[in-house]
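*Asks:* need a structure here:
(one chain, ligands or ions: 2)
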Amino acid sequence: MKCNMSFNKLKFGSTIGIIGGGQLGKMMAQSAQSMGYKVIVLDPDEACPCQYVAHEFIHANYDDQAALNQLASLSDVITYEFENISASQLEYLVSHYNVPQGYQAIQILQDRLSEKQILKESNCNIAPFVQLTNTEDLNDAISSIGYPFIVKTRFGGYDGKGQVLVEKAADLKDAKALIEVEECVAEQYLKLNKEVSLTVTIGANNQITYFPLQENEHRQQVLFKTVVPARTDESIEHSARNEVQKLINNVHFVGTFTVEFFIDKSNALYVNEIAPRPHNSGHYSIEACDYSQFDTHILAITGQQLPQEIELLKPAIMMNLLGKDLDLLENQFSENPEWHVHIYGKEMRKANRKMGHLTVLTEDINQTEQALLKAFEGRAI
Ligand code: ADP
Ligand code: MG
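*Replies:* Numbers count the residues shown, from 1 in each chain. Ligands and ions are numbered 1, 2, ... in the order given. Alright, predicted model coming up:
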């Protein structure tokens with residue numbers, strides 16, 4: 001396969017092309033630059049966060065073939081910051097340029113249905129699901145899964161967008177409205193004890209490096225905070241790695257990706273979804289680990305050796321800063337030097353838009369958590 005053959009080590013001073021210039025692209029670029037690489041980014045938004053840190057910026061839509069070709073011809077390696085780029089265009093780039101991540105993972109994971117199918121084929125533990133091609137199929141969901149279930153669009157959902165929770169017959173109306181617009185899947189809505197995620201990097205020679213297990217709390221389906229190490233039995237981390245192993249037997253990953261998990265009330269672990277790129281729940285690693293999830297991603301795609309183990313230097317809590325959190329907390333940044341504040345540089349501040357995050361390193365997770373929750377208290381849920 002082209003992606004394995006082209007695994008030459010990239011020399012310092014080589015150029016990394018990144019498709020997508022949001023906060024993930026920006027933090028990727030910063031890691032790349034600290035290792036001596038140049039960065040070119042392509043993004044449809046002229047004011048995207050990465051624009052100001054990239055050596056060159058191509059202002060174009062993700063499906064602009066000429067612009068993608070331009071990016072590729074100027075770059076020694078291509079990577080991406082998000083999964084919703086066209087798999088066929090990525091396939092074209094893979095066959096003409098150096099794209100070590102390939103296109104298979106993107107192709108499978110950008111569709112929730114094929115994502116669930118591959119997880120099932122891989123023998124991973126997942127919540128029961130059914131495909132919803134039309135509104136009639138909701139009857140299958142009711143008979144085979146039963147209430148409550150959650151309907152999710154197959155394509156393009158993030159941060160809970162494109163999802164309807166169906167707890168009772170009266171909620172079917174909203175689910176039908178969603179299915180009339182887009183094909184969906186329905187999955188059992190689990191009673192959660194906890195959510196955790198595992199960030200993993202796979203290198204050129206299939207070397208695999210795990211970050212510590214992350215404990216995540218979502219509010220209104222958007223990540224609110226991440227605590228590391230996750231406060232779970234050790235066996236959960238072991239089981240999570242096992243699930244990842246099953247998956248990578250079937251999907252070719254290179255670089256950093258994250259698997260999100262549910263833990264239900266009986267302590268059973270389910271794979272929720274996979275992000276084939278650095279992930280919000282891995283941001284703590286910038287300060288808390290000896291390598292960040294962005295560092296290991298750059299090492300992987302430039303064909304370098306990965307660290308065997310990622311060391312957690314200190315337990316950490318990461319809190320997302322949405323627009324409404326910035327309104328509340330901005331004045332407190334200077335009074336809390338232990339908050340490592342990252343502001344992404346998005347021009348438009350919106351109440352529910354991710355504008356940044358902060359990480360606190362601490363030997364006393366519970367006390368720090370209480371202090372942070374108090375600081376975020378005035379936040380509208
Ligand atoms: P997204 O792509 O928007 O992150 P997810 O499928 O991860 O979509 O859903 C977002 C959040 O919604 C999850 O992290 C979880 O808190 C909640 N959620 C989604 N599906 C389920 C489910 N089947 N059971 C319980 N909670 C769920
Ligand atoms: Mg998710």
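*Asks:* mind listing the helices for this structure?
*Replies:* 2-5, 23-34, 65-74, 87-96, 104-109, 112-121, 138-140, 172-181, 234-248, 285-288, 293-301, 323-329, 365-375 (DSSP state H).
*Asks:* list the contacts of stretch 104-113.
*Replies:* 80, 83-85, 87, 90-91, 114-115, 118, 131, 152-155, 157, 183, 185, 251-253, 257, 273-276 (C-beta atoms under 8 Å, 6 or more residues apart in numbering). For glycine as for every other residue, the C-beta is placed from the backbone atoms N, C-alpha and C.
*Asks:* one more time with 7 Å, if that's ok
*Replies:* 83-85, 87, 90, 114-115, 118, 131, 152, 154-155, 185, 251-253, 274, 276 (C-beta atoms under 7 Å, 6 or more residues apart in numbering).
*Asks:* which bits of the stretch 201-350 of the chain sit near ligand 1?
*Replies:* Within reach of ligand 1 by C-beta under 6 Å from any ligand atom, the stretch 201-350 of the chain has these residues: 218, 221, 260, 262, 272-273.
*Asks:* and these as CSV, adding pLDDT?
*Replies:* Output for these, formatted as CSV (pLDDT from 0 to 100):
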residue, pLDDT
His218, 96
Gln221, 90
Glu260, 98
Phe262, 98
Asn272, 98
Glu273, 97
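*Asks:* now the buried members of these.
*Replies:* Buried residues within these, defined by neighbour count using 16 or more other C-beta atoms under 10 Å: 260, 262, 272-273.
*Asks:* restricted to strands, list those residues.
*Replies:* Within these, residues falling in strands by DSSP state E are 260, 262, 272-273.
*Asks:* any figure for the gap between Ile106 and Glu347?
*Replies:* 28 Å (C-beta to C-beta, to the nearest Å).
*Asks:* do His279 as well
*Replies:* For His279, the distance to Glu347 - C-beta to C-beta - is 24 Å.
*Asks:* more neighbours: the two, which one.
*Replies:* His279 (24 against 9; other C-beta atoms under 10 Å).
*Asks:* how about that one: what's its closest non-neighbour residue?
*Replies:* Distances taken as C-beta to C-beta, 6 or more residues apart in numbering place Thr258 nearest to His279, at 3.5 Å, with adjacent residues excluded.
*Asks:* and the gap between that neighbour and Gly282?
*Replies:* Distance from Thr258 to Gly282, by C-beta to C-beta: 6 Å.
*Asks:* so what sits against both of the two?
*Replies:* With C-beta under 7 Å, 6+ apart, Thr258 and Gly282 have common neighbours Thr199.
*Asks:* which of the two has more neighbours?
*Replies:* Gly282 (31 against 22).
*Asks:* what residues are up against the more buried one?
*Replies:* 199, 211, 258, 293.
*Asks:* the residues you listed in strands, which ones?
*Replies:* Among these, DSSP E puts 199, 258 in strands.
*Asks:* which residues touch Val181?
*Replies:* Contacts for Val181 (C-beta under 7 Å, 6+ apart) come out as none.
*Asks:* per-residue pLDDT, it?
*Replies:* Listed pLDDT for Val181 reads 95.
*Asks:* then Lys2?
*Replies:* So Lys2 comes in at 37 (pLDDT).
*Asks:* looking at the contacts of Gly282, which one is closest to ligand 1?
*Replies:* Thr258 (10.7 Å; C-beta to the nearest ligand atom).
*Asks:* CA-only coordinates of stretch 206-222 in CSV, if you can.
*Replies:* This file holds the C-alpha atoms of stretch 206-222, laid out as CSV (Å, rounded to 0.1, in the frame of the first residue of the first chain):
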residue,chain,number,x,y,z
ASN,A,206,2.6,-0.1,13.5
GLN,A,207,4.2,0.9,16.8
ILE,A,208,1.4,1.7,19.2
THR,A,209,1.4,4.2,22.1
TYR,A,210,-1.4,4.7,24.6
PHE,A,211,-2.2,7.8,26.5
PRO,A,212,-3.7,7.3,30.0
LEU,A,213,-7.4,6.7,30.2
GLN,A,214,-9.5,9.9,30.3
GLU,A,215,-12.7,10.5,32.2
ASN,A,216,-15.1,12.8,30.4
GLU,A,217,-18.2,14.7,31.5
HIS,A,218,-20.5,16.1,28.8
ARG,A,219,-23.1,18.8,29.3
GLN,A,220,-25.7,19.0,26.7
GLN,A,221,-23.7,16.5,24.7
VAL,A,222,-20.6,18.8,24.6
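*Asks:* who does the closest residue to Asn216 other than its chain neighbours form a beta bridge with?
*Replies:* The shortest distance from Asn216 to any non-neighbouring residue, by C-beta to C-beta, 6+ apart, is to Glu195 (4.6 Å). In this entry, Glu195 is beta-bridged to Asn216, Phe262, by DSSP bridges.
*Asks:* ok, Glu195 to Thr209 distance?
*Replies:* 22 Å.
*Asks:* and what of Ile78?
*Replies:* Per C-beta to C-beta, Ile78 is found 22 Å from Thr209.
*Asks:* which one's more surrounded, the two?
*Replies:* Relative neighbour count places Ile78 above the other of Ile78 and Thr209, with 24 against 19, counting by other C-beta under 10 Å.
*Asks:* CA atoms of stretch 249-258 as PDB?
*Replies:* The C-alpha trace of stretch 249-258 is given here as PDB (Å, rounded to 0.1, in the frame of the first residue of the first chain):
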ATOM      1  CA  ASN A 249      -7.000  -5.400  13.500                       C
ATOM      2  CA  ASN A 250      -9.700  -4.200  11.000                       C
ATOM      3  CA  VAL A 251      -9.000  -0.500  10.500                       C
ATOM      4  CA  HIS A 252      -5.700   0.900   9.300                       C
ATOM      5  CA  PHE A 253      -4.800   3.800  11.600                       C
ATOM      6  CA  VAL A 254      -1.700   6.000  11.500                       C
ATOM      7  CA  GLY A 255      -1.300   9.000  13.800                       C
ATOM      8  CA  THR A 256      -3.400  10.000  16.800                       C
ATOM      9  CA  PHE A 257      -7.000   8.900  17.200                       C
ATOM     10  CA  THR A 258      -9.400   8.600  20.200                       C
END
